[in-house]
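K.L.:
Have a look; sequence and predicted model below, questions after that.
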Amino acid sequence: MRTVLGIESSCDETAAALVTDDRRIVAQAIASQEEAHAPYGGVVPEIAARAHAERLAPLIGKVLAEAGMTLEDCDAVAATAGPGLIGGVMVGLVTAKALAMAGDKPLLAINHLEGHALSPRLADAALDYPYALLLVSGGHCQVLRVEGVGRYRRLATTIDDALGEAFDKTAKILGLPYPGGPAVERLAAEGDAAAVPLPRPLLGSAEPHFSFAGLKSAVLRAQDSGRYRREDIAASFQQAAVDCILDRTGRALEHMGPVSALVVAGGVAANRSVRGALEGLAERHGLRFTAPPLPLCTDNAAMIAWAGIERLQAGMAGDPLDISARPRWPLDPAAEPVRGAGVKG
Ligand code: KG4
Ligand code: ZN
């Protein structure tokens, strides 16, 4: 049996986890920086990097102690090497390099998006390749055909904002606390989703890509008009976003080829309306639907350790100790660049 130590530090969660190849999360710990960033209404990269540097080593110690293990018992050290906020990524990657060197263990430099993409397989042993994946996080909104470890075909991406970004900006406009996604979802539950007319960008268009910038601007206009209740704006925004997700993901499925399941992962996969709508879409396409449990949707280190295990299982070698952190790192480097999407990977 293999055990991998996973490290995650690409955004505002400092996390460490020990995962075995029989899909057991032996121990894990997450230190959220929500309080540190809340006064600024978003993640401040410099504050994030410092917090990771302070918290990571004790967190790793805690996880090992909880599991009753030492570095010696681990088969490899896996860390997010990008994409993300470069300062934080470097803290995690350098720590992993030091541990790999000291313990003479393979270093696995993991693409954070690969962590999200494979996380459903950690939770669901029956999920086979290839599967259709909607990856929706604070920085990304993509539909991928996951064909195997390291084999991702991107069929759709956003031409402007990511879905989580749209939730976060809507939260800011409505004066809700950071992080915005869960706050918008809570408020939406009390509102009328038909109360505010909002656009559904790119609905029905031939290419399966996403766009949320126009929706966000419409939310701002609705709020500024003073004509609507906040809960109605939140509910109408969430409905518009879900309508876009359904239409666009449905279109991507038409271009996908055969897959075993429809899967949603990434932070926004924690949203119940998004999950429910996709479950219906999968049913209409005759596909199995699966989504990781909520703690595996948002950033965590278990998914990074699991991606490491999948790499080892596939016979892939460890990475050199001089490997660099990558602020941008697309999962499918061969994907055609989409107008406006250059920075989203
Ligand atoms: O995957 P993640 O934890 O970090 C990134 O890799 O970006 O995703 C964070 C994003 C944030 O934009 C957050 O607002 C959103 O996921 N999010 C949600 C919910 N929970 C987290 N969005 C909508 N509804 C939620 N319940
Ligand atoms: Zn993430």
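P.N.:
In hand now; what should we look at? Ligands and ions are numbered 1, 2, ... in the order given.

K.L.:
Start and end of stretch 34-42, how far apart?
P.N.:
With Cα to Cα, to the nearest Å as the measure, stretch 34-42 spans 9 Å from end to end.

K.L.:
Can you give me the buried ones in it?
P.N.:
Neighbour counts using 16 or more other Cβ atoms under 10 Å place 37, 41 of stretch 34-42 among the buried residues. No exception for glycine: its C-beta is placed from N, CA and C like everyone else's.

K.L.:
Provide the backbone phi and psi angles at the closest residue to residue 81 other than its chain neighbours.
P.N.:
With Cβ to Cβ, 6 or more residues apart in numbering as the measure, residue 109 is the residue that lies nearest to residue 81, at 3.6 Å, once sequence neighbours are left out. Phi and psi for residue 109, reported as degrees, to the nearest 10, are phi -90, psi 110.

K.L.:
start at 653 instead
P.N.:
Sure thing, new numbering starts at 653, so read that last one as residue 761.

K.L.:
Give me the neighbour count for residue 761.
P.N.:
By other Cβ atoms under 10 Å, the residues close to residue 761 number 25.

K.L.:
quick one, what contacts it?
P.N.:
730, 731, 733, 745, 748, 971, 975 (Cβ atoms under 8 Å, 6 or more residues apart in numbering).

K.L.:
Give me the distance between it and residue 745.
P.N.:
Relative to residue 745, residue 761 is positioned 7 Å away (Cβ to Cβ, to the nearest Å).

K.L.:
any common contacting residues for these two?
P.N.:
The contact sets of residue 761 and residue 745 overlap at 731, 733, 975 (Cβ under 8 Å, 6+ apart).

K.L.:
how far away is the second one from ligand 2?
P.N.:
Taking Cβ to the ion, to the nearest Å as the measure, residue 733 and ligand 2 are separated by 14 Å.

K.L.:
Buried among the contacts of residue 761? Make that a ChimeraX selection.
P.N.:
Selecting only the buried entries of those in ChimeraX, with 16+ other Cβ under 10 Å as the criterion:
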select :730,731,733,745,748,971
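
K.L.:
quick one: which of the contacts of residue 761 sit in helices?
P.N.:
If you go by DSSP state H, those have 745, 748 in helices.

K.L.:
Per-residue pLDDT of residue 770, please?
P.N.:
The model reports residue 770 with a pLDDT of 97.

K.L.:
Secondary structure class of it, three-state.
P.N.:
Put simply, residue 770 is helix when judged by DSSP: H, G, I helix; E, B strand; the rest coil.

K.L.:
my guess is it meets residue 957, correct?
P.N.:
No - between residue 770 and residue 957 there is no contact under Cβ atoms under 8 Å: 10.6 Å.

K.L.:
Those two: who's more crowded?
P.N.:
More neighbours surround residue 957 than the other of residue 770 and residue 957, with 34 against 29 (other Cβ under 10 Å).

K.L.:
who are the neighbours in contact with that one?
P.N.:
Residues in contact with residue 957 (Cβ under 8 Å, 6+ apart) are 656, 657, 658, 669, 670, 671, 730.

K.L.:
run the last query once more with 10 Å
P.N.:
By Cβ atoms under 10 Å, 6 or more residues apart in numbering, the residues touching residue 957 are 655-660, 667-672, 677-678, 680, 726, 728-731, 760, 762, 767, 774.

K.L.:
Sitting in helices, which of the residues you listed do you find?
P.N.:
If you go by DSSP H, the contacts of residue 957 have 767, 774 in helices.

K.L.:
follow-up on the earlier one: need the overlap of contacts for residue 770 and residue 957.
P.N.:
Shared contacts of residue 770 and residue 957 (Cβ under 10 Å, 6+ apart): residue 762.

K.L.:
Read off the pLDDT value for the residue nearest to residue 733.
P.N.:
In this model, residue 761 is scored at 98, pLDDT.

K.L.:
Kindly report the same for residue 821.
P.N.:
pLDDT for residue 821: 95.

K.L.:
now do the one 3 residues further on
P.N.:
With respect to pLDDT, residue 824 has a value of 95.

K.L.:
where's it, which helix or strand?
P.N.:
Under the criterion of DSSP states H and E, residue 824 resides in helix 815-825.

K.L.:
Which residues of this structure lie near ligand 1?
P.N.:
Applying Cβ under 6 Å from any ligand atom, we find that the chain lies next to ligand 1 at 663, 789-791, 816, 819-820, 831-834, 837, 918-920, 922-923, 950-951.

K.L.:
what residue ranges in the chain score low on pLDDT?
P.N.:
Applying pLDDT under 70 to the chain flags residues 991-997.

K.L.:
one more time with 50
P.N.:
Across the chain, the ranges flagged by pLDDT under 50 are 994-997.

K.L.:
quick one: the strands in it?
P.N.:
Assigned by DSSP state E, the strands in the chain fall at 655-660, 665-672, 677-684, 728-734, 759-763, 783-788, 793-800, 803-809, 913-917, 940-942.
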